[in-house]
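**Student:** Below is the sequence, then the predicted model.
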Amino acid sequence: MFDKIAPQPLFASTIWIHQVKPEIAAPLNENLARHIDRLISPKPPRRPGETWQTEARLHTLPEFQDLMRVFMTASKGVLDKLEIEYGDFEITGCWANVNPKGGAHPVHNHPNNYLSGVYYVRVPPGADAIQFHDPRQQMTMISPRVKNYNAYNSIVASARIRPGQLILFPAWLVHSVEANPNEGIRTSISFNIMFSDYIQRMSYPKWDGIALDKHKQAGV
Ligand SMILES: [Fe+2]
């Protein structure tokens, strides 16, 4: 009956998955794991389900600058793909997440930034996913049972993760991480990106009004 059926997702919420080359990721991750373990020692007590997080200023520390170069290069690539007009951007916060067994991250987003990202240092078996949640809240209004979950009927999407992987996503995109079921530690590093000159260069309305100085020129 039909020549062709072509589902066309509209207004996709895109996540950008980067895999750092193994020969770069392996020594990088070894160093990162060592630095992070040092920063969170001695580990403060935590309740079941809680995780350890460092302060959000790893981007200011010299031992994390190799990773910041990876973050900046990947972020610039995404902004270029999005064809955003901007002057400059910067990392506004960067922190490590250390999930022992049972450690999870509840549903959240990263306010007051444009892009966010997470890089994986250590990923134990069975703790290898991050969940992104459909931003269209109205999708929950009528939610019939389905025979199988697929890209067209799901409101949660799971992305597989592995060491050396960097995922960039819109800062508003809500996400979560399920509890680490494994005895091995899961370690990731999160960061946010914002435009440095957002007010000066980007916040002015996108339409042109009547020029104010033409009245002055005409002596009105
Ligand atoms: Fe997050």
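**Tutor:** Sure thing, it's come through.

**Student:** Now do the strands in this structure.
**Tutor:** Here the chain has its strands, by DSSP state E, at 16-19, 52-53, 89-99, 105-108, 115-122, 129-133, 156-160, 165-170, 175-177, 186-195.

**Student:** Let's have those in TSV, adding distance to P9.
**Tutor:** Yep, even glycine has a C-beta here, placed from its N, CA and C like the rest. Below are those laid out as TSV (distance: least, C-beta to C-beta, whole Å):
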stretch	distance to P9
strand 16-19	16
strand 52-53	34
strand 89-99	27
strand 105-108	23
strand 115-122	20
strand 129-133	14
strand 156-160	12
strand 165-170	15
strand 175-177	19
strand 186-195	25
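
**Student:** just how off-centre is stretch 181-192 within its chain?
**Tutor:** Stretch 181-192 sits 14 Å away from the centroid of its parent chain (C-alpha atoms, centre = their mean, to the nearest Å).

**Student:** still on that earlier bit, out of the strands of the chain, nearest to P45?
**Tutor:** Across these, P45 has its closest neighbour in strand 52-53 (10.3 Å, C-beta to C-beta).

**Student:** what's next to the closest one, contact-wise?
**Tutor:** 40, 43-44, 46, 95-98, 100, 103 (C-beta atoms under 8 Å, 6 or more residues apart in numbering).

**Student:** Is it possible to get JSON lines of those residues that adds pLDDT and neighbour count?
**Tutor:** Shown next, in JSON lines, are these (pLDDT from 0 to 100; neighbours: other C-beta atoms under 10 Å):
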{"residue": "I40", "pLDDT": "94", "neighbour count": "15"}
{"residue": "K43", "pLDDT": "89", "neighbour count": "10"}
{"residue": "P44", "pLDDT": "88", "neighbour count": "7"}
{"residue": "R46", "pLDDT": "86", "neighbour count": "13"}
{"residue": "W95", "pLDDT": "98", "neighbour count": "17"}
{"residue": "A96", "pLDDT": "98", "neighbour count": "24"}
{"residue": "N97", "pLDDT": "97", "neighbour count": "20"}
{"residue": "V98", "pLDDT": "96", "neighbour count": "23"}
{"residue": "P100", "pLDDT": "93", "neighbour count": "18"}
{"residue": "G103", "pLDDT": "94", "neighbour count": "21"}
